[in-house]
Structures are given as structure tokens and as C-alpha cells.
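Colleague: here is a sequence together with a model predicted from it:
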Amino acid sequence: MTSACAADNHLALCHAEDRYETASHFSDFVQKVNFKYAFEDIENLSLDEVVQQVATTDEDYRSILNKFSVKSYVERDNVVMLMCKGDSLIIEDAGCTAKVEKVFECGKRPECALSSSAFQVCD
């Protein structure tokens, strides 16, 4: 029972070290998706298809997609991605910046939904 709870906490990123290590990988992933979407010839691919293409380039990105629910949004040429576990938001990141905008701790996580200010960091 204890090991099952520890495994759930690891997947939910309740430990700060795990959370920030994953946030670093997620930030890189989001930036690469944003760059590809905004500046490369994506031949009419959907945003989800661009996300999948970028994920194939790195094991950490594939791991994020396998362990978490990832939602992607675009406004103009800016991409914001959410990393969620169940209905809880773990990370919200805009690909237009070099830092992760929001990383939430266990017990303090809002609903997995795009915040109203998500794209403001890109203006």
C-alpha cells in the first residue's frame, strides 16, 4: 500500500524535486512546439500533430505525454500548454518565454483549464 501511494505521488509530482525537474523538460518541450508551430513549415498540421512530432524527438517529451494529460492552445503564433493529472493542473507554460509560468503543488492545484492570463506573457 505504501509503495502504491509513493508511486501515485511521483506521477502526480508532489515532491518539489520531481515537479521542477519535470517542469524543466516540459518547458523545453513547449518552447520547441511553439517554435515549430510559429516558424517552421508545418504543412497544415494541427497543433496536436505538431505536439506529437516534437514529442518523437526526445524521450522526456514522450514520457510526459505518456504519464500526463497535455492540452495545447494557440493564439496568434503563440502556444500555451497545460500538463495535468486527472482534473488537476500541474503546469501551465507559454512557449514564448524561457521559464515555466505556473507550477502547482499537490493540494493547491486548480482545475485543468487555461487561465485567462495565459497568453499575456507573450504580449
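Modeller: Structure received. Residues are numbered from 1 along each chain as shown.
Colleague: alpha carbons only for contacts and neighbour counts from here, please
Modeller: Fine.
Colleague: longest helix anywhere in the chain?
Modeller: For the chain, the helix that runs over the most residues, judged by DSSP state H, is helix 16-39.
Colleague: how far is it from where the chain is centred?
Modeller: 6 Å (C-alpha atoms, centre = their mean, to the nearest Å).
Colleague: again with stretch 13-31
Modeller: Distance of stretch 13-31 from its chain centroid, counting by C-alpha atoms, centre = their mean, is 8 Å.
Colleague: buried residues in it?
Modeller: Using 16 or more other C-alpha atoms under 10 Å as the test for burial, stretch 13-31 gives Leu13, Cys14, Arg19, Thr22, Ala23, Phe26, Ser27, Asp28, Phe29, Val30, Gln31.
Colleague: now the third one: how far from Lys85?
Modeller: From Arg19 over to Lys85 the distance is 12 Å, taken as C-alpha to C-alpha, to the nearest Å.
Colleague: could you pull up the residues touching the nearest residue to Ala38 once chain neighbours are set aside?
Modeller: What sits nearest to Ala38 in space, not counting adjacent residues and going by C-alpha to C-alpha, 6 or more residues apart in numbering, is Asp77, at 5.1 Å. Contact analysis of Asp77 by C-alpha atoms under 8 Å, 6 or more residues apart in numbering lists Asn34, Tyr37, Ala38.
Colleague: many thanks, have a good one.
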